[in-house]
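# here you go, sequence then predicted model.
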Amino acid sequence: QKEVEQNSGPLSVPEGAIASLNCTYSDRVSQSFFWYRQYSGKSPELIMSIYSNGDKEDGRFTAQLNKASQYVSLLIRDSQPSDSATYLCAVNGDDSWGKFQFGAGTQVVVTP
Amino acid sequence: DAMVIQNPRYQVTQFGKPVTLSCSQTLNHNVMYWYQQKSSQAPKLLFHYYDKDFNNEADTPDNFQSRRPNTSFCFLDIRSPGLGDAAMYLCATSRGTGSSYNEQFFGPGTRLTVL
């Protein structure tokens, strides 16, 4: 059973601070990794994709991938109240077509 | 703007009354997906199309069917909705399934209520 695990939270972060979210996955051959943001009652929105070990930065977001340790993380710098949402980690394996395995999500609450 | 559109946004149906949800995309993506998401759970893949090739997940109930008449449109048919089928139904698209082509973009979803 391929699994993607995230801490469900809620992760409470003061406004302006860094939010750090972690995701671990069990399928060692996974090749593609994604972070989605999902506001309550809305659909997931892609915020980051990462395919190679190391860091990838996009604005206030940084994704970090370590395939040897089988984890991917997301940092949100200068957290804003609008960042309050559930963040879903998705992992795409190296099977026949690469089905996404989603984690259950981490709820982030940014407090003013 | 290129996008994924779902209609209706909210659907109320009666127990056992067939319902059809639609998805269209202007991204010209090859792959279209249908997911079911219940409250506080991860999206669950029901099936996907790569072009006209249909791929059903092993645990998708027979009550759920799909059609993709052309590149732009995909439909989800629920033949006899049960109370357990109440959920958000998400359509997503991607250019392909290999690395760097497999980013999935979601539509706004259809919230299904079964009375």
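Thanks, I have the structure now.
# grab the nearest non-local neighbour of the residue of chain B at minimum distance from chain A.
Proximity of chain B to chain A (CB to the nearest CB) peaks at B:Ala42, 3.8 Å away. The C-beta positions use only the backbone N, C-alpha and C, and glycine is treated the same way. In space, and not counting its chain neighbours, B:Ala42 is closest to A:Phe102: 3.8 Å by CB to CB, 6 or more residues apart in numbering or on different chains.
# A:Asn7 now?
A:Thr106 is the one closest to A:Asn7 (CB to CB, 6+ apart), at 5.5 Å.
# partners of B:Ser24 in the sheet?
With DSSP bridges as the criterion, B:Ser24 is bridged to B:Ile5, B:Phe73.
# and if you look at A:Ala90?
When assigned by DSSP bridges, A:Ala90 has beta-bridge partners A:Phe34, A:Phe102.
# that one contacts A:Lys2, doesn't it?
No - look at A:Ala90 against A:Lys2 with CB atoms under 8 Å: they stay out of range, at 11.9 Å.
# so which of the two has more stuff around it?
For A:Ala90 and A:Lys2, the more surrounded residue by other CB atoms under 10 Å in any protein chain shown is A:Ala90, and the numbers stand at 25 against 14.
# which parts of chain B sit against chain A?
Residues of chain B lying close to chain A by CB under 8 Å from any CB of the partner chain are B:40-43, B:45, B:50, B:55, B:88, B:90, B:97-100, B:102-109, B:111.
# all strands of the chain, in order?
Went with chain A since none was named. A:4-6, A:11-14, A:19-25, A:32-38, A:45-50, A:54-58, A:61-66, A:71-76, A:85-92, A:100-102, A:106-111 (DSSP state E).
# not what I meant, chain B
Secondary structure of chain B by DSSP E: the strands cover B:4-7, B:10-13, B:19-25, B:31-37, B:44-50, B:53-56, B:64-67, B:73-78, B:87-94, B:105-106, B:110-114.
# do you know the pLDDT at the one residue in chain A that gets nearest to chain B?
Per CB to the nearest CB, A:Phe102 is where chain A lies closest to chain B, at 3.8 Å. Listed pLDDT for A:Phe102 reads 94.
# and what of A:Tyr25?
Listed pLDDT for A:Tyr25 reads 94.
# from A:Cys89, how far off is it?
8 Å (CB to CB, to the nearest Å).
# spatially central residue in chain B, please.
Centroid check for chain B by CA atoms, centre = their mean gives B:Trp34 as the closest residue, at 2.7 Å.
# excluding chain neighbours, what is closest to that residue?
Nearest in space to B:Trp34, with sequence neighbours left out and distances taken as CB to CB, 6+ apart, is B:Leu46 at 4.5 Å.
# from what I can see the one you found touches B:Met32, true?
No - in this structure B:Leu46 lies outside contact range of B:Met32 using CB under 8 Å: 11.4 Å.
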